[in-house]
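Chemist: Quick one, fold the following:
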Amino acid sequence: MNQARTPQTVTLAARARLPSRFGDFTVVAFECAEGEYGVVVRGDVDGAEAVPVRLHSECFTGDVMGSLKCDCRDQLEVALRFIGRAERGAVIYLPQEGRGIGLANKIRAYALQDQGLDTVEANLALGFPDDLRRYDTAAEVLRQLGVRSVVLLTNNPTKRVGLERAGMPVVGQIPLRSVPNAHNASYLDTKRDKSGHLL
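Modeler: Reported below is the predicted structural model:
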């Protein structure tokens, strides 16, 4: 589970207009010691309460390559559509591939899943906990955007706990539903049954 830590320096590096298939956004880049964070913002969030926010961890296989083994791209698109129709909101793209274990280890975990382990068992077999992600930098990014509280678009209860622990109030949570397929149904069952996701 997400652990509290000392906030690091987060710097707003650049911003520009970003028209997209999901609506008109402003794209913002933040830099910090652990890497770069990309954010798309809809409307004026400075000083706003109850801002719809998606914290989306990068997923090369799902977001970029369209993998059917997870629901990452589905959740990202649902969140972007929702925020694209809203008065305001934001999606923060977190550099935390594979629930924080990195791309190579994620693919090692995939190979173990091909041998019959579920996603949690595969991480444990590689010597990792179920989820290594942290949300303190995301909370600082939201503060720098002027966000005062959020409604979190997620199925994952640890994201809410992580943001609140990092000092960002979460005043609501909206689950993101997607239709399971033959390749990810058992993965989604494991996320629900072992990680408490709202599926």
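Chemist: my guess is Glu31 contacts Thr11, does it?
Modeler: Yes: using Cβ atoms under 8 Å, Glu31 makes contact with Thr11 at a distance of 4.9 Å. Backbone N, C-alpha and C define where each C-beta goes, glycine included.
Chemist: if you count what's nearby, which of those two comes out ahead?
Modeler: Glu31 (14 against 9; other Cβ atoms under 10 Å).
Chemist: isn't there a strand covering the more buried one?
Modeler: Yes: under DSSP: H, G, I helix; E, B strand; the rest coil, Glu31 falls within a strand.
Chemist: pretty sure Ala167 is in a helix, no?
Modeler: No Ala there; residue 167 is Gly. No: according to three-state DSSP, Gly167 belongs to no helix; its state is coil.
Chemist: Once you drop chain neighbours, what's closest to it?
Modeler: Ala139 (5.9 Å; Cβ to Cβ, 6 or more residues apart in numbering).
Chemist: Name the SS class of that neighbour, please.
Modeler: helix.
Chemist: ok, how many other residues are close to it?
Modeler: Other residues close to Ala139 by other Cβ under 10 Å number 24.
Chemist: So for the protein, the centremost residue is which one?
Modeler: His56 (2.1 Å; Cα atoms, centre = their mean).
Chemist: And the next helix or strand past the longest helix seen in the chain?
Modeler: Determined from DSSP state H, the single longest helix within the chain is helix 72-85. Per DSSP states H and E, the first helix or strand lying C-terminal to helix 72-85 is strand 89-94.
Chemist: so what strands line up beside that following strand?
Modeler: strand 35-42 (antiparallel), strand 51-57 (parallel) (DSSP bridges).
Chemist: buried residues in the longest one?
Modeler: Right, the one you point to is strand 35-42. The neighbour-count check on strand 35-42 (16 or more other Cβ atoms under 10 Å) flags Tyr37, Val39, Val40, Val41, Arg42 as buried.
Chemist: For those residues, point out the one with the lowest pLDDT.
Modeler: Ranked by pLDDT, the buried residues of strand 35-42 bottom out at Tyr37, which scores 94.
Chemist: Give me the pLDDT value at the residue in the chain sticking out farthest from the centre.
Modeler: In the chain, counting by Cα atoms, centre = their mean, Gln115 sits farthest out from the average C-alpha position, at 27.3 Å. On pLDDT, Gln115 comes in at 92.
Chemist: Any figure for the gap between it and Cys59?
Modeler: 21 Å (Cβ to Cβ, to the nearest Å).
Chemist: how about the closest residue to Met168 other than its chain neighbours, what does it touch?
Modeler: Leaving out its chain neighbours, the residue that sits closest to Met168 by Cβ to Cβ, 6+ apart is Ala139, at 4.1 Å. Contacts for Ala139 (Cβ atoms under 8 Å, 6 or more residues apart in numbering) come out as Pro7, Leu163, Ala166, Gly167, Met168.
Chemist: are any of the residues you listed buried, and which?
Modeler: By 16+ other Cβ under 10 Å, these give Leu163, Ala166, Met168 as buried.
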